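Enquirer: Fold the stuff below for me.
(one chain, ligands or ions: 2)
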Amino acid sequence: MKRLNSQLQHDGAPLELVLLIRTLLAACKEISFRVSQGALAGVLGSTLSENVQGETQKKLDVISNQILKDILSESGYVKAISSEEEESVVPCSPNGNYLVSFDPLDGSSNTEINSLIGTIFSIAHAPQWMEADDPSAFLQPGTQMVAAGYVLYGPSTMLAMTTGRGTHLYTLDKTHGGFLLTHPNVKIPVQTSEFSINTSNQRHWQEPIQSYVSELLAGSEGPREKDYNMRWVAAMVGDVHRVLCRGGIFMYPFDKRNPQMPGKLRLLYEANPMAFLVEQAGGLASTGSGRIMDVMPEEIHQRVPVIIGSKEEVENCVARFK
Ligand code: F6P
Ligand code: MN
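Expert: Residues are numbered from 1 along each chain as shown. Ligands and ions are numbered 1, 2, ... in the order given. Modelled structure (predicted):
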């Protein structure tokens, strides 16, 4: 089976980018190990603090963030990082050529129930002019990403990666510590009968999502004339992984709970990397009013609505916003 290195070379990734990705994945392998230790290592449960987003930090959020931060800042390849768990950008090497954004442990409340969690990341070029502590360099649209992916800590530890030449899935072979290419060039089916949305928020949704989901729920008796199934992992990384494996539509739309918050998911280290992976697998990724990867970020923790997955289903949903 092909190794990650040779697939990256095949896809034309420059050597320094390959080395950066390998460094980042070394951190993810350590996170994978720490996560798997669970209660044995006393790493479960919450800290007493909140992150900048007002979310209670799990111990594993803090541990995962620290592992990534330490390894990336010592690598020499990275000028600065932005993380869900850091209020401001973290300056690394003044001569680093890349910017890395990450969600160290997506879906971390699932650690309490030994369910799916993962690390999501995106990589962009660091502009020459930037100072390492300048957040404005991170305010590039997703179309500028040179690589993106996630590592899913599930029954197997899996990597989904794209450098803009298709989306590939790899499985970590723990006998030698390498990621092996198990699902090359995945393609999301254009049609689906599976959807994913937190329906407990239904009363807060806007009209387009109300009408779309009610058609899905009407099943074979409704206008769509087929029955749909629903799945919700409560970790974006798990839900998007399912979409990459067998299709589906995943939504975390804008809702009216807090008009200051244009959605729940963060653009830089959740929506954009997933959008890149899904588009490279033939799917679509929209906010409802446009392509996610075209959104010009205004701040590093910006949130966006997310409608992502099988092409025809996303088109059907998004058409209602016009
Ligand atoms: O990181 C935010 C996140 O945990 C996503 O991974 C997940 O899709 C979503 O929030 C879950 O939201 P809710 O709490 O509404 O189920
Ligand atoms: Mn997250």
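Enquirer: What pLDDT is listed against Gln53?
Expert: Note on Gln53: pLDDT of 81.
Enquirer: doesn't His301 make contact with it?
Expert: Yes - in this structure, Gln53 is within contact of His301 by C-beta atoms under 8 Å, at 6.4 Å. Every C-beta, even on glycine, is put in place using the N, C-alpha and C of the backbone.
Enquirer: Quick check: neighbours shared by these two?
Expert: Shared contacts of Gln53 and His301, defined by C-beta atoms under 8 Å, 6 or more residues apart in numbering, comprise Glu84, Arg266.
Enquirer: Looking at those two, which one has more neighbours?
Expert: Neighbour count, other C-beta atoms under 10 Å: between Gln53 and His301, His301 has more, with 18 against 14.
Enquirer: Could you find the closest non-adjacent residue to the more buried one?
Expert: Arg266 (5.8 Å; C-beta to C-beta, 6 or more residues apart in numbering).
Enquirer: Give me every residue in the stretch 201-322 of the chain lying close to ligand 1.
Expert: The stretch 201-322 of the chain comes close to ligand 1 at residues Ala234, Ala235, Met236, Tyr252, Lys264, Leu265, as judged by C-beta under 6 Å from any ligand atom.
Enquirer: do that again at 8 Å, thanks
Expert: The stretch 201-322 of the chain has residues 201, 232-239, 250, 252, 264-266, 270 near ligand 1, with proximity defined as C-beta under 8 Å from any ligand atom.
Enquirer: Among those, list the two that are farthest apart in space.
Expert: Spanning the widest gap among these are Asn201 and Val237, at 19.7 Å by C-beta to C-beta.
Enquirer: Mind checking which of those two has more residues around it?
Expert: Legend: neighbour count by other C-beta under 10 Å for Asn201 and Val237, higher for Val237 (27 against 15).
Enquirer: Let me know whether the more buried one touches Gly149 as I believe.
Expert: No - using C-beta under 8 Å, Val237 makes no contact with Gly149, being 10.3 Å away.
Enquirer: who touches both of the two?
Expert: When contacts are counted by C-beta under 8 Å, 6+ apart, Val237 and Gly149 have Ile120 as shared neighbours.
Enquirer: Now do the same contact list for Gly142.
Expert: Ser122, Leu267, Ala271, Asn272, Ala275, Phe276, Ile292, Met293, Asp294, Val295.
Enquirer: change it to 10 Å
Expert: Taking C-beta atoms under 10 Å, 6 or more residues apart in numbering, we find Gly142 in contact with 122, 124, 148, 267-268, 271-276, 279, 285, 291-297, 304.
Enquirer: And it, what's its pLDDT?
Expert: With respect to pLDDT, Gly142 scores 98.
Enquirer: From ligand 1, how far out is it?
Expert: Here Gly142 is placed at a distance of 17 Å from ligand 1 (C-beta to the nearest ligand atom, to the nearest Å).
Enquirer: cool, Arg231 as well?
Expert: Applying C-beta to the nearest ligand atom, the value for Arg231 to ligand 1 is 12 Å.
Enquirer: who's in contact with that residue?
Expert: Glu194, Phe195, Ser196, Ile197, Gly238, Asp239, Arg242, Val243, Gly248, Phe250.
Enquirer: Kindly report the same for Ala147.
Expert: 8, 11, 13, 17-18, 20-21, 24, 98, 100, 121-124, 161-164, 273, 276.
Enquirer: any chance you could map the strands in the stretch 1-150 of the chain?
Expert: Remark: strands assigned in the stretch 1-150 of the chain by DSSP state E, counting those that start in this stretch are 46-50, 56-58, 78-83, 90-91, 98-106, 117-125, 145-153.
Enquirer: In the stretch 201-322 of the chain, which residue sits nearest ligand 1?
Expert: Of all residues in the stretch 201-322 of the chain, Met236 sits closest to ligand 1, at 3.5 Å by C-beta to the nearest ligand atom.
Enquirer: Burial check on that residue, number of neighbours?
Expert: Met236 has 26 neighbours, counted by other C-beta under 10 Å.
Enquirer: Make sure it is actually in contact with Asp106.
Expert: Yes - Met236 is within contact range of Asp106, at 5.7 Å (criterion: C-beta atoms under 10 Å).
Enquirer: and the longest helix seen in the chain, does that touch ligand 1?
Expert: Criterion DSSP state H: the longest helix present in the chain is helix 15-37. No - using C-beta under 8 Å from any ligand atom, helix 15-37 stays clear of ligand 1, coming no nearer than 15.1 Å.
Enquirer: Give me the mean pLDDT for that helix.
Expert: 97.
Enquirer: Give me the angle between it and strand 78-83.
Expert: Counting by axes from the mean of the first three to the mean of the last three C-alpha atoms, to 10 degrees, helix 15-37 lies at 40 degrees to strand 78-83.
Enquirer: angle of helix 15-37 against strand 145-153?
Expert: Helix 15-37 and strand 145-153 are oriented at 20 degrees to each other (the same axes, to 10 degrees).
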